[in-house]
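Participant: Curious how this folds, go ahead:
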Amino acid sequence: FSQPTRRLYAEHALDSTDWYLIFDPLDREDYGDLTCMLADTGYNNSVYLRRRLIVYSEPFVVQSSTKDIEVSEGDNILLKCFAQGLPPPQIQWMKADASPLPDGNIRAIG
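Facilitator: Down below sits the predicted model:
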């Protein structure tokens, strides 16, 4: 990675032994474990340093019921709203007047 490639690259100062991993810009997909390997060719030995990168991100809707729905009284419907973010967003359905659903009308699936 001596030359910046896209938005992720390693950087090294010529007057130092320090190396840096640069994310420019950081993205929610960059989360996960990262490993720095220190190789000592004289002793055929390697040392590993592993760190977990946690990327906090604003919630966003992944999938939803995208259209208005017209149904007849007595019909059953299923409205979808899936979201992601870190920390995970709390999803709440409300009526048009912003009043919450009555207690007991929430069911966990899966």
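Participant: Now the most centrally placed residue in the chain, what are its backbone angles?
Facilitator: With the centre of the chain defined as its mean C-alpha position, the nearest residue by CA atoms, centre = their mean is residue 28, 4.2 Å away. In terms of degrees, to the nearest 10, the main-chain angles of residue 28 are phi -60, psi -30.
Participant: For it, which non-adjacent residue is closest in space?
Facilitator: residue 57 (4.1 Å; CB to CB, 6 or more residues apart in numbering). All C-beta atoms are positioned from the backbone trio N, CA, C, and that covers glycine.
Participant: is it true that the one you found touches residue 26?
Facilitator: No. Using CB atoms under 8 Å as the test, residue 57 is too far from residue 26 to be in contact (9.5 Å).
Participant: picking that back up, what residues are up against the residue nearest to the centre of the chain?
Facilitator: Taking CB atoms under 8 Å, 6 or more residues apart in numbering, we find residue 28 in contact with 55, 57, 84, 86.
Participant: how near is the second one to residue 27?
Facilitator: With the distance defined as CB to CB, to the nearest Å, residue 57 ends up 9 Å from residue 27.
Participant: With neighbour numbers in mind, choose between these two.
Facilitator: Ranked by neighbour count (other CB atoms under 10 Å), residue 57 and residue 27 place residue 57 first, with 14 against 11.
Participant: What pLDDT does the model give the residue of the chain positioned farthest from its centre?
Facilitator: Most distant from the centre of the chain: residue 42, at 40.5 Å, with distances by CA atoms, centre = their mean. Each residue has a pLDDT score; the one for residue 42 is 78.
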